[in-house]
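[1] Show me how the following folds:
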Amino acid sequence: MTQRPTILFHLSDIHFGLEDTLALDWVERCIAEEKPAAICITGDLTMRARHREFTAACRWIAALGPPVTVEVGNHDMPYFNLIERFVDPYRRFRAIESLVEKQLDLPGLAIVPLKTATRAQWRFPWSNGWVTARALRETLAALDALPAGKRAIVTAHHPLTERDPKGKRLTINGNQAMAELARRKVLAVLSGHVHDAFDLTQQTAAGPLRMIGAGTLSKRIRSSPPSFNLLSVGDAGIAVTVRNLEAVPTPAMQIDQVPENALPPRQPEEPVAPVATVPAVDPPVH
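    Below you'll find the model as predicted:
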């Protein structure tokens, strides 16, 4: 007997403090009307982890209704209080502590978190991802403990891509993590961070792994308008629809490779006179 698909809303990079209120009001209406089985928020709830930003974020999440799991993003740890960042980096999450990196168990489907944000690294910027041995061990243990036949989706903040096309290191230990998740046949890894949606399949030593990224619901847009993913999880796998207020079709919303970060791409230099050129002004970083 064919079961009805499980509907999930995949949100990311809301960045309270620089949130798009029009987009958030629209998402609230979608949740109230469509009643997804669960909501996966893959990190960067806030812009600078300020107390007022967390207060707004926690109030918004608490009113949503369906089960929610929230990943920690690199923007969700204190930027200005380094003592707190090192000693108690997730203290400001305590208003929604029960939702942070929480495993969700739905009929026939588990949502399992994978932590990729760290309080510090032996490199800069600290904003890039790192799958520590402990984080991967905890995720794999959760996957291995699932009942036989139960499918799984993994949620993370950073895409697990370890290097960009030019060879620059992105997520440390991403390749190992992808191979272990592919070995366990997870349906997909959901992430955010880059502010554009994507749906890519990565080949690993243990087979293919699907990676699904959500765009942003903030004013820090990169190359596409604010959006979220509607995931329909059925017998055949996951169907992805990128929902956005501008009604841009899903293929046009999705990028074809994972960029280094969420900053707007640099514009090429353009000549302004026959005998001289000047660099174009970089687009503003909101």
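[2] can you count the residues close to residue 44?
    Look at residue 44: counted by other Cβ atoms under 10 Å, it has 29 neighbours. For glycine as for every other residue, the C-beta is placed from the backbone atoms N, C-alpha and C.
[3] Same question for residue 24.
    18.
[4] cool, and the one 5 residues further on?
    With neighbours defined by other Cβ under 10 Å, the count for residue 29 comes to 10.
[5] Could you verify that it is part of a helix?
    Yes: applying DSSP: H, G, I helix; E, B strand; the rest coil, one finds residue 29 inside a helix.
[6] ok, so what distance separates it from residue 243?
    Per Cβ to Cβ, to the nearest Å, residue 29 is found 11 Å from residue 243.
[7] Residue 133 too?
    Residue 133 is 36 Å from residue 243, by Cβ to Cβ.
[8] Equivalent analysis for residue 151, please.
    Distance from residue 151 to residue 243, by Cβ to Cβ: 23 Å.
[9] which residues in the stretch 101-250 of the chain form helices?
    133-144, 174-183, 250-253 (DSSP state H, counting those that start in this stretch).
[10] which residues are contacting the helix or strand just after the last one?
    Tracing the chain C-terminally past helix 250-253 and defining elements by DSSP states H and E, one meets strand 254-255 next. Outside strand 254-255, the residues that touch it by Cβ atoms under 8 Å, 6 or more residues apart in numbering are 194, 196-199, 223-224, 242.
[11] Quick one: the strands in this structure, in order.
    For the chain, the strands defined by DSSP state E cover 6-11, 38-41, 68-70, 104-106, 109-113, 151-155, 188-191, 197-204, 207-213, 227-234, 237-244, 254-255, 270-273, 276-278.
[12] right, so those strands: which one is the most enclosed?
    strand 188-191 (a mean of 27; mean count of other Cβ atoms under 10 Å).
[13] elements contacting it?
    strand 151-155, strand 207-213 (3 or more Cβ pairs under 8 Å, 6 or more residues apart in numbering; DSSP states H and E).
[14] hey, C-alpha coordinates of the longest one in CSV?
    C-alpha atoms of strand 207-213 as CSV (Å, rounded to 0.1, in the frame of the first residue of the first chain):
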residue,chain,number,x,y,z
GLY,A,207,28.3,5.8,-3.4
PRO,A,208,26.1,8.8,-4.2
LEU,A,209,24.8,11.3,-1.6
ARG,A,210,22.1,13.8,-2.3
MET,A,211,22.7,17.3,-0.8
ILE,A,212,19.7,19.7,-0.7
GLY,A,213,20.3,23.3,0.3
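[15] for the record, mean pLDDT for it?
    Strand 207-213 comes out with an average pLDDT of 98.
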